[in-house]
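# need a 3D model of the sequence below.
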Amino acid sequence: MASDVSYTTEEIASLLKISKLTVYDLIKKGELPSYRVGKQMRVDAADLEAYKQRAKAAQQAERYAAPAVPVSSSGTSGTAAASDHAVRPLVITGQDISLDLLAKHLEKQASGVRPLRAYAGSLDSLIAMYRGEADIVSTHLWDGDTGEYNLPYIRKILVGSSYLVVNLLARRAGLYVKRGNPHQISGWGDLRRPGLRFVNREKGSGARVLLDEQLRLHGIPRERLDGYEAEESNHLGVAGKVAAGEADVGVGIEKAAAIVGGVEFIPLIQERYDLVMLKTPANRRWIEAVARVLKSESFRSELAAISGYDLSLTGQVLYET
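Okay, here's the model as predicted:
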(Lines give C-alpha, C1' and ligand atoms only; values in the text may rest on other atoms or scores of the structure.)
Protein backbone atom coordinates (compact mmCIF):
# COMPACT_ATOMS: atom_id res chain seq x y z
CA MET A 1 0.00 0.00 0.00
CA ALA A 2 1.20 3.53 -0.78
CA SER A 3 0.42 4.61 2.78
CA ASP A 4 2.98 2.09 4.04
CA VAL A 5 5.82 3.52 1.95
CA SER A 6 8.55 5.42 3.78
CA TYR A 7 11.87 6.92 2.74
CA THR A 8 15.32 7.38 4.27
CA THR A 9 16.91 10.83 4.43
CA GLU A 10 19.17 9.85 1.52
CA GLU A 11 16.13 8.88 -0.60
CA ILE A 12 14.35 12.14 0.32
CA ALA A 13 17.42 14.13 -0.72
CA SER A 14 17.50 12.28 -4.06
CA LEU A 15 13.76 12.69 -4.70
CA LEU A 16 13.73 16.41 -3.90
CA LYS A 17 17.17 17.01 -5.47
CA ILE A 18 18.46 18.70 -2.33
CA SER A 19 21.34 17.93 0.01
CA LYS A 20 21.05 15.55 2.94
CA LEU A 21 21.87 18.46 5.26
CA THR A 22 18.83 20.34 3.94
CA VAL A 23 16.65 17.30 4.66
CA TYR A 24 17.91 17.23 8.26
CA ASP A 25 17.18 20.94 8.57
CA LEU A 26 13.59 20.43 7.34
CA ILE A 27 13.16 17.63 9.89
CA LYS A 28 14.63 19.73 12.70
CA LYS A 29 12.30 22.66 11.92
CA GLY A 30 9.30 20.32 11.94
CA GLU A 31 8.46 20.90 8.28
CA LEU A 32 9.05 17.24 7.45
CA PRO A 33 7.70 14.79 10.08
CA SER A 34 10.02 11.84 10.69
CA TYR A 35 10.62 8.90 13.01
CA ARG A 36 13.46 6.51 13.73
CA VAL A 37 13.55 2.85 12.73
CA GLY A 38 16.68 1.26 14.15
CA LYS A 39 19.56 3.48 13.09
CA GLN A 40 17.69 5.27 10.28
CA MET A 41 15.43 8.29 10.14
CA ARG A 42 12.33 7.59 8.03
CA VAL A 43 9.73 9.86 6.43
CA ASP A 44 6.35 8.50 5.35
CA ALA A 45 5.34 9.01 1.72
CA ALA A 46 2.16 10.79 2.83
CA ASP A 47 4.15 13.30 4.90
CA LEU A 48 6.55 13.90 2.01
CA GLU A 49 3.64 14.54 -0.37
CA ALA A 50 2.02 16.89 2.17
CA TYR A 51 5.28 18.85 2.46
CA LYS A 52 5.54 19.15 -1.33
CA GLN A 53 1.97 20.42 -1.57
CA ARG A 54 2.59 23.02 1.16
CA ALA A 55 5.75 24.17 -0.60
CA LYS A 56 3.88 24.53 -3.91
CA ALA A 57 1.03 26.42 -2.28
CA ALA A 58 3.46 28.80 -0.56
CA GLN A 59 5.25 29.50 -3.84
CA GLN A 60 1.96 30.20 -5.63
CA ALA A 61 0.77 32.50 -2.86
CA GLU A 62 4.05 34.39 -2.96
CA ARG A 63 3.84 34.73 -6.75
CA TYR A 64 0.31 36.13 -6.74
CA ALA A 65 0.93 38.37 -3.76
CA ALA A 66 4.11 39.93 -5.16
CA PRO A 67 3.64 43.67 -5.80
CA ALA A 68 4.54 45.28 -9.07
CA VAL A 69 8.21 46.25 -9.14
CA PRO A 70 8.93 49.71 -10.53
CA VAL A 71 11.69 50.13 -13.03
CA SER A 72 14.31 52.67 -12.01
CA SER A 73 15.59 55.42 -14.23
CA SER A 74 18.62 53.29 -14.99
CA GLY A 75 16.36 50.68 -16.59
CA THR A 76 16.87 48.03 -13.88
CA SER A 77 14.05 46.72 -11.71
CA GLY A 78 13.90 47.23 -7.95
CA THR A 79 14.13 43.44 -7.55
CA ALA A 80 17.48 43.34 -9.31
CA ALA A 81 18.78 46.12 -7.10
CA ALA A 82 17.45 44.46 -3.94
CA SER A 83 19.02 41.10 -4.81
CA ASP A 84 22.38 42.44 -3.68
CA HIS A 85 20.93 42.62 -0.16
CA ALA A 86 19.01 39.33 -0.21
CA VAL A 87 19.28 37.19 2.92
CA ARG A 88 21.07 33.91 2.24
CA PRO A 89 21.12 30.84 4.49
CA LEU A 90 24.34 30.16 6.38
CA VAL A 91 24.63 26.45 7.16
CA ILE A 92 26.49 25.66 10.40
CA THR A 93 27.19 21.97 10.92
CA GLY A 94 27.84 20.05 14.12
CA GLN A 95 26.08 18.91 17.27
CA ASP A 96 27.61 20.86 20.15
CA ILE A 97 25.46 23.43 21.97
CA SER A 98 28.20 26.02 21.42
CA LEU A 99 27.18 26.09 17.75
CA ASP A 100 23.61 27.01 18.69
CA LEU A 101 25.02 29.93 20.67
CA LEU A 102 27.20 30.91 17.71
CA ALA A 103 24.17 30.87 15.40
CA LYS A 104 22.22 33.06 17.83
CA HIS A 105 24.97 35.67 18.03
CA LEU A 106 25.60 35.62 14.28
CA GLU A 107 21.94 36.28 13.61
CA LYS A 108 22.33 39.56 15.49
CA GLN A 109 25.71 40.61 14.12
CA ALA A 110 25.91 39.35 10.52
CA SER A 111 23.66 41.19 8.09
CA GLY A 112 22.49 39.48 4.92
CA VAL A 113 22.67 35.92 6.28
CA ARG A 114 20.32 33.62 8.20
CA PRO A 115 22.14 30.97 10.25
CA LEU A 116 20.77 27.43 9.88
CA ARG A 117 21.90 24.46 11.96
CA ALA A 118 22.65 21.05 10.46
CA TYR A 119 23.39 18.23 12.91
CA ALA A 120 26.03 16.29 10.98
CA GLY A 121 29.24 14.61 12.17
CA SER A 122 32.69 16.10 11.64
CA LEU A 123 33.75 13.99 8.67
CA ASP A 124 30.37 14.28 6.93
CA SER A 125 30.47 18.03 7.52
CA LEU A 126 33.83 18.46 5.79
CA ILE A 127 32.61 16.41 2.84
CA ALA A 128 29.47 18.59 2.71
CA MET A 129 31.69 21.70 2.62
CA TYR A 130 33.68 20.22 -0.27
CA ARG A 131 30.38 19.71 -2.11
CA GLY A 132 29.28 23.27 -1.42
CA GLU A 133 26.56 22.25 1.05
CA ALA A 134 27.93 23.82 4.26
CA ASP A 135 29.35 27.23 5.19
CA ILE A 136 30.71 26.85 8.73
CA VAL A 137 31.92 23.37 9.59
CA SER A 138 32.77 22.25 13.12
CA THR A 139 35.23 19.39 13.39
CA HIS A 140 37.04 17.35 16.05
CA LEU A 141 38.87 14.63 14.11
CA TRP A 142 41.95 13.08 15.71
CA ASP A 143 44.75 11.70 13.56
CA GLY A 144 46.57 8.86 15.29
CA ASP A 145 49.70 9.10 13.16
CA THR A 146 50.42 12.76 13.94
CA GLY A 147 48.54 13.14 17.23
CA GLU A 148 46.99 16.26 15.71
CA TYR A 149 43.38 17.33 15.54
CA ASN A 150 41.53 18.31 12.36
CA LEU A 151 44.21 19.74 10.06
CA PRO A 152 45.30 16.39 8.54
CA TYR A 153 41.69 15.69 7.54
CA ILE A 154 40.92 19.23 6.39
CA ARG A 155 43.98 19.31 4.11
CA LYS A 156 42.99 16.02 2.47
CA ILE A 157 39.29 16.77 1.97
CA LEU A 158 39.44 20.46 1.05
CA VAL A 159 42.37 20.07 -1.32
CA GLY A 160 42.53 22.98 -3.77
CA SER A 161 40.27 25.18 -1.61
CA SER A 162 41.14 28.35 0.24
CA TYR A 163 39.98 28.15 3.86
CA LEU A 164 40.37 29.37 7.40
CA VAL A 165 40.54 27.20 10.55
CA VAL A 166 39.60 28.93 13.82
CA ASN A 167 39.35 27.38 17.27
CA LEU A 168 35.94 27.35 18.92
CA LEU A 169 36.85 25.53 22.14
CA ALA A 170 38.56 22.48 23.61
CA ARG A 171 36.91 19.72 25.63
CA ARG A 172 37.77 16.35 27.13
CA ALA A 173 36.84 13.10 25.40
CA GLY A 174 37.04 9.59 26.75
CA LEU A 175 34.91 6.66 27.85
CA TYR A 176 31.55 6.37 29.62
CA VAL A 177 31.18 3.58 32.18
CA LYS A 178 28.52 2.63 34.70
CA ARG A 179 28.74 4.51 38.00
CA GLY A 180 31.26 2.77 40.20
CA ASN A 181 33.14 1.52 37.13
CA PRO A 182 32.35 -2.17 37.85
CA HIS A 183 34.68 -3.42 35.08
CA GLN A 184 37.58 -1.23 36.27
CA ILE A 185 38.13 0.30 32.83
CA SER A 186 40.94 2.87 32.74
CA GLY A 187 41.98 3.29 29.09
CA TRP A 188 41.63 2.37 25.44
CA GLY A 189 43.59 -0.84 25.87
CA ASP A 190 40.89 -2.24 28.17
CA LEU A 191 38.51 -2.43 25.20
CA ARG A 192 40.21 -5.65 24.13
CA ARG A 193 38.77 -7.46 27.13
CA PRO A 194 36.27 -10.17 26.18
CA GLY A 195 32.70 -9.81 27.38
CA LEU A 196 32.49 -6.00 27.41
CA ARG A 197 29.39 -4.61 25.69
CA PHE A 198 30.13 -1.51 23.66
CA VAL A 199 27.93 1.23 22.20
CA ASN A 200 29.31 3.29 19.31
CA ARG A 201 28.74 6.59 17.53
CA GLU A 202 27.65 6.85 13.91
CA LYS A 203 30.11 6.77 11.01
CA GLY A 204 31.49 10.20 10.18
CA SER A 205 31.37 11.49 13.74
CA GLY A 206 34.48 12.73 15.51
CA ALA A 207 33.95 10.26 18.36
CA ARG A 208 33.82 7.36 15.89
CA VAL A 209 37.05 8.50 14.22
CA LEU A 210 38.73 8.83 17.64
CA LEU A 211 37.68 5.29 18.55
CA ASP A 212 38.79 3.79 15.24
CA GLU A 213 42.19 5.48 15.47
CA GLN A 214 42.70 4.29 19.05
CA LEU A 215 41.71 0.73 18.12
CA ARG A 216 44.19 0.84 15.24
CA LEU A 217 47.03 2.12 17.41
CA HIS A 218 46.30 -0.41 20.16
CA GLY A 219 46.01 -3.29 17.71
CA ILE A 220 42.42 -4.10 18.68
CA PRO A 221 40.31 -5.50 15.80
CA ARG A 222 36.90 -3.85 15.50
CA GLU A 223 35.32 -7.29 15.43
CA ARG A 224 36.62 -7.77 18.98
CA LEU A 225 34.16 -5.17 20.31
CA ASP A 226 30.77 -6.63 21.12
CA GLY A 227 28.42 -3.84 20.01
CA TYR A 228 30.75 -1.97 17.64
CA GLU A 229 27.89 -1.82 15.11
CA ALA A 230 25.41 -0.54 17.72
CA GLU A 231 25.27 3.17 16.87
CA GLU A 232 23.85 6.24 18.57
CA SER A 233 23.64 9.62 16.83
CA ASN A 234 24.87 11.75 19.74
CA HIS A 235 26.85 11.68 23.00
CA LEU A 236 23.74 11.70 25.17
CA GLY A 237 22.48 8.58 23.41
CA VAL A 238 25.73 6.73 24.11
CA ALA A 239 25.81 7.82 27.76
CA GLY A 240 22.15 6.88 28.12
CA LYS A 241 22.76 3.33 26.89
CA VAL A 242 25.54 2.88 29.45
CA ALA A 243 23.42 4.37 32.24
CA ALA A 244 20.53 2.03 31.38
CA GLY A 245 22.80 -1.00 31.57
CA GLU A 246 22.41 -1.80 27.87
CA ALA A 247 26.16 -1.34 27.36
CA ASP A 248 29.22 -1.42 29.62
CA VAL A 249 31.27 1.25 27.86
CA GLY A 250 30.97 3.90 25.16
CA VAL A 251 33.00 6.78 23.76
CA GLY A 252 32.03 10.46 24.11
CA ILE A 253 32.66 13.83 25.74
CA GLU A 254 32.61 14.87 29.39
CA LYS A 255 29.58 17.16 29.21
CA ALA A 256 27.13 14.35 28.40
CA ALA A 257 28.21 12.40 31.48
CA ALA A 258 27.35 15.41 33.63
CA ILE A 259 23.83 15.45 32.16
CA VAL A 260 23.05 11.72 32.24
CA GLY A 261 22.82 10.26 35.72
CA GLY A 262 24.34 6.90 36.57
CA VAL A 263 27.38 7.36 34.34
CA GLU A 264 31.05 8.03 35.10
CA PHE A 265 33.43 9.64 32.64
CA ILE A 266 37.04 8.52 32.11
CA PRO A 267 38.94 11.41 30.45
CA LEU A 268 41.54 10.19 27.96
CA ILE A 269 42.24 13.06 25.56
CA GLN A 270 41.78 16.83 25.23
CA GLU A 271 40.14 17.37 21.87
CA ARG A 272 40.25 20.58 19.85
CA TYR A 273 36.93 21.68 18.44
CA ASP A 274 37.56 23.93 15.44
CA LEU A 275 35.56 25.85 12.84
CA VAL A 276 36.36 25.71 9.12
CA MET A 277 35.24 28.41 6.68
CA LEU A 278 35.93 28.77 2.97
CA LYS A 279 37.67 32.02 2.02
CA THR A 280 35.83 33.62 -0.88
CA PRO A 281 35.01 37.27 -1.61
CA ALA A 282 31.31 36.51 -1.03
CA ASN A 283 32.05 35.04 2.40
CA ARG A 284 34.37 37.75 3.66
CA ARG A 285 31.76 39.86 5.50
CA TRP A 286 30.19 37.06 7.51
CA ILE A 287 33.61 35.51 8.26
CA GLU A 288 34.55 38.84 9.84
CA ALA A 289 31.30 38.67 11.82
CA VAL A 290 32.22 35.17 13.06
CA ALA A 291 35.60 36.50 14.24
CA ARG A 292 33.86 39.32 16.15
CA VAL A 293 31.46 36.91 17.82
CA LEU A 294 34.20 34.50 18.91
CA LYS A 295 36.14 37.34 20.52
CA SER A 296 33.13 39.05 22.08
CA GLU A 297 32.73 39.07 25.85
CA SER A 298 29.04 38.18 25.63
CA PHE A 299 29.63 35.01 23.60
CA ARG A 300 32.62 33.89 25.66
CA SER A 301 30.73 34.44 28.92
CA GLU A 302 27.90 32.22 27.71
CA LEU A 303 30.39 29.49 26.76
CA ALA A 304 32.20 29.84 30.08
CA ALA A 305 28.92 29.16 31.91
CA ILE A 306 28.83 25.66 30.34
CA SER A 307 30.97 23.16 32.22
CA GLY A 308 33.66 21.21 30.42
CA TYR A 309 34.83 23.87 27.94
CA ASP A 310 38.39 25.19 27.66
CA LEU A 311 38.30 28.63 25.99
CA SER A 312 42.03 29.38 26.05
CA LEU A 313 42.27 29.23 22.22
CA THR A 314 38.77 30.44 21.34
CA GLY A 315 38.85 32.75 18.32
CA GLN A 316 42.50 31.99 17.49
CA VAL A 317 43.29 31.39 13.80
CA LEU A 318 45.04 28.02 13.72
CA TYR A 319 45.56 27.67 9.97
CA GLU A 320 44.93 29.77 6.89
CA THR A 321 45.64 28.91 3.27
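# from now on I want contacts and neighbour counts done on CA atoms only, so please keep to that.
Will do.
# for Lys279, which non-adjacent residue is closest in space?
Tyr163 (4.9 Å; C-alpha to C-alpha, 6 or more residues apart in numbering).
# correct me, but that neighbour touches Val317?
No - assessed by C-alpha atoms under 8 Å, Tyr163 is found out of contact with Val317, at 11.0 Å.
# below-threshold pLDDT in the stretch 51-200 of the chain: ranges please.
Applying pLDDT under 70 to the stretch 51-200 of the chain flags residues 57-85.
# strands along that one, start to end?
88-93, 113-118, 136-139, 142-143, 148-149, 163-178, 198-201 (DSSP state E, counting those that start in this stretch).
# could you dump those strands to JSON lines with mean neighbour count?
Compiled in JSON lines, the strands of the stretch 51-200 of the chain are given as follows (neighbours: other C-alpha atoms under 10 Å):
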{"stretch": "strand 88-93", "mean neighbour count": "21"}
{"stretch": "strand 113-118", "mean neighbour count": "20"}
{"stretch": "strand 136-139", "mean neighbour count": "28"}
{"stretch": "strand 142-143", "mean neighbour count": "22"}
{"stretch": "strand 148-149", "mean neighbour count": "17"}
{"stretch": "strand 163-178", "mean neighbour count": "22"}
{"stretch": "strand 198-201", "mean neighbour count": "24"}
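# TSV please, covering those strands and showing distance to Leu215.
Putting those into TSV (distance: least, C-alpha to C-alpha, whole Å) gives the following:
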stretch	distance to Leu215
strand 88-93	27
strand 113-118	29
strand 136-139	20
strand 142-143	12
strand 148-149	17
strand 163-178	13
strand 198-201	13
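# so which of the ones you listed is nearest Ile306?
Ile306 sits nearest to strand 163-178 of all these, at 11.1 Å, using C-alpha to C-alpha.
# and the gap between the residue positioned nearest the centre of the chain and Gln214?
Nearest to the mean C-alpha position of the chain, by C-alpha atoms, centre = their mean, lies Gly94 at 1.7 Å. Using C-alpha to C-alpha, to the nearest Å, Gly94 is found at 22 Å from Gln214.
# same check, this time on Val263
In this view, Val263 and Gln214 are 22 Å apart by C-alpha to C-alpha.
# go on, His183?
His183 sits 20 Å away from Gln214, taking C-alpha to C-alpha as the criterion.
# who has more neighbours, those two?
Neighbour tally, His183 and Gln214, criterion other C-alpha atoms under 10 Å: the higher count belongs to Gln214, 17 against 13.
# does the more buried one touch Trp142 like I think?
No - Gln214 is beyond contact range of Trp142, at 9.4 Å (criterion: C-alpha under 8 Å).
# so how far is stretch 249-267 from its chain's centroid?
19 Å (C-alpha atoms, centre = their mean, to the nearest Å).
# just the buried positions in that stretch, please.
Buried positions in stretch 249-267, judged by neighbour count with 16 or more other C-alpha atoms under 10 Å: 249-258, 260, 262-267.
# this protein: helices as residue ranges?
In the chain, the helices defined using DSSP state H lie at 9-16, 20-28, 45-65, 78-82, 97-109, 122-130, 151-157, 206-217, 235-243, 254-259, 284-295, 297-304.
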